[in-house]
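Trainee: Task: produce atomic coordinates for the following.
(one chain, ligands or ions: 2)
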Amino acid sequence: MSHISTIGISAKRQASGQADVLTLADTSPEAAAIEIDHCIKKFRLGSGPEMTALADVSLKIRSGEFVAIIGPSGCGKSTVLRLIASLEQPTSGHVSIKGNSPSELADQHRLGVAFQDHALLPWLTTEQNIALPYRLAGKKTDHDRVKDLIRLIGLAGFEKARPKQMSGGMRQRVSIARALVLKPEVLLLDEPFGALDAVTRRQMNIELQRTWTELRTTTLLVTHSVDEALFLADRIFVMTGRPGRVLQEVSVPFARPRTPEIMRSEEFHRLVDSLTLALEPHGAPQ
Ligand SMILES: Nc1ncnc2c1ncn2[C@@H]1O[C@H](COP(=O)(O)OP(=O)(O)O)[C@@H](O)[C@H]1O
Ligand SMILES: [Mg+2]
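Mentor: Ligands and ions are numbered 1, 2, ... in the order given. Below you'll find the model as predicted:
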């Protein structure tokens with residue numbers, strides 16, 4: 001048993017000889033909204049040798065769940081997210097979302113994605129940026145939905161503001177609202193707050209929790225912040241690299257709604273320490 005498994009991990013070590021893969025006890029297919037099944041991803045740069053970015057990654061995310069992936073830079077976190085977003089194809093293995101392929105979901109605008117770079121169009125206002133996916137999908141804009149989201153992300157009064165008139169945190173909130181506007185079944189967030197200062201980032205974490213609590217969209221957050229993952233997620237997958245693989249799976253024990261006070265609790269600090277240890281090059285003692 002790892003150090004972490006004594007303080008809240010709900011995973012069982014697979015008995016199948018995959019020594020460092022941990023899976024949940026409840027892995028019934030009905031429960032899985034997203035399933036990554038033995039995915040390997042190799043990249044080749046130019047005519048150079050092949051590089052294995054992901055080595056046999058398997059994980060399941062349940063409907064309505066908030067899952068975080070943490071791991072050191074370059075371990076393949078974004079690659080996992082990009083497989084789900086259908087921005088990359090696995091070299092081998094299979095990805096399914098509610099029984100569909102990621103490309104089917106993407107084509108049907110059932111996936112919402114936000115990255116560290118907010119990618120807002122500078123000449124559009126907050127409400128126009130949030131409404132953009134309607135235009136791209138050839139759908140009629142639901143102005144009530146746009147208004148509701150602006151309220152939900154706390155930007156009422158900034159409907160007509162352009163990105164350069166807003167702070168970095170506000171721009172990221174607009175980017176997340178845009179990812180949510182078509183009511184996606186899955187929200188994929190890749191380091192959305194990575195470029196923000198620590199105080200703003202914490203505020204954004206609180207706001208994201210509030211938004212998620214209201215919408216309960218199945219969410220995958222890729223982050224290198226242990227604090228952020230612990231504050232927001234129901235479960236955390238710890239990846240190690242390279243090649244990237246899932247080292248551990250941790251169930252976060254804090255009840256919801258979570259207040260910033262939990263970040264000052266002894267249990268929070270204990271989990272931060274354990275997860276940080278697991279991220280170090282040789283990981284936690286097994
Ligand atoms: N399109 C690509 N072409 C070549 N190599 C890539 C590509 N995307 C990612 N990689 C490589 O795969 C590895 C994992 O990348 P990534 O998933 O972005 O890691 P992380 O998000 O954990 O920092 C890195 O070594 C990266 O350089
Ligand atoms: Mg990344």
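Trainee: State the number of residues packed around residue 257.
Mentor: 9 (other Cβ atoms under 10 Å). Where you see a C-beta, it was placed from the backbone N, CA and C, and this is true even at glycine.
Trainee: how about residue 268, what does it touch?
Mentor: 230, 254, 262 (Cβ atoms under 8 Å, 6 or more residues apart in numbering).
Trainee: one more time with 6 Å, if that's ok
Mentor: Residues near residue 268 by Cβ atoms under 6 Å, 6 or more residues apart in numbering: residue 262.
Trainee: Let me see the confidence value for it.
Mentor: Looking at residue 268, its pLDDT stands at 96.
Trainee: Using the three-state scheme, assign it.
Mentor: helix (DSSP: H, G, I helix; E, B strand; the rest coil).
Trainee: That one and ligand 1: what is the separation?
Mentor: 24 Å (Cβ to the nearest ligand atom, to the nearest Å).
Trainee: got it, and residue 194?
Mentor: From residue 194 to ligand 1 the distance is 10 Å (Cβ to the nearest ligand atom).
Trainee: list the contacts for residue 218?
Mentor: 33, 63, 64, 65, 186.
Trainee: Can you flag the buried ones in these?
Mentor: Those of the contacts of residue 218 that meet the buried threshold are 33, 65, 186, by 16 or more other Cβ atoms under 10 Å.
Trainee: Please go through those and note which also touch ligand 1.
Mentor: Residues of the buried ones among the contacts of residue 218 in contact with ligand 1 (Cβ under 6 Å from any ligand atom): none.
Trainee: Would you mind listing what in the protein touches ligand 1?
Mentor: Counting by Cβ under 6 Å from any ligand atom, the residues of the chain close to ligand 1 are 43, 45, 53, 71, 73, 74, 75, 76, 77, 78, 79.
Trainee: And the average pLDDT for the helix or strand containing residue 220 is what?
Mentor: Residue 220 belongs to strand 218-222 when assigned by DSSP states H and E. Mean per-residue pLDDT for strand 218-222: 97.
Trainee: Could you do stretch 145-155 as well?
Mentor: Mean predicted confidence for stretch 145-155 is 92.
Trainee: ok, and what's touching it?
Mentor: Under Cβ under 6 Å, 6+ apart, the answer for stretch 145-155 is 127, 130, 131, 156, 159, 173, 177, 211.
Trainee: Can you report how many residues neighbour the closest residue to the first one other than its chain neighbours?
Mentor: Closest residue to residue 127 in three dimensions, ignoring its sequence neighbours and counting by Cβ to Cβ, 6 or more residues apart in numbering: residue 159, at 4.6 Å. The burial count assigned to residue 159 is 14, neighbours taken as other Cβ under 10 Å.
Trainee: Phi, psi for residue 159 please.
Mentor: For residue 159, the backbone dihedrals are phi -60, psi -40 (criterion: degrees, to the nearest 10).
Trainee: same deal with residue 84?
Mentor: According to degrees, to the nearest 10, residue 84 has phi -70, psi -40.
Trainee: so what's it up against?
Mentor: 34, 102.
Trainee: quick one: it from ligand 1, how far?
Mentor: 12 Å.
Trainee: The nearest residue to residue 89 once chain neighbours are set aside: helix or strand, and which one exactly?
Mentor: Using Cβ to Cβ, 6+ apart and skipping residues adjacent in sequence, the residue nearest residue 89 is residue 83, 7.5 Å away. Assessed by DSSP H and E, residue 83 sits inside helix 77-84.
Trainee: Which residues belonging to that helix are considered buried?
Mentor: 77, 78, 79, 80, 81, 82, 83, 84.
Trainee: for the closest residue to residue 63 other than its chain neighbours, what are its contacts?
Mentor: Setting aside the residues directly before and after it, residue 63 is nearest to residue 33 in space (Cβ to Cβ, 6+ apart), at 4.1 Å. Contacts for residue 33 (Cβ under 6 Å, 6+ apart) come out as 61, 62, 63, 98, 218.
Trainee: Could you look up the SS state of residue 33?
Mentor: Quick answer, by three-state DSSP: residue 33 is strand.
Trainee: Could you check the pLDDT of it?
Mentor: 93.
Trainee: From residue 128, how far off is it?
Mentor: 31 Å (Cβ to Cβ, to the nearest Å).
Trainee: Fine by me, we can end here.
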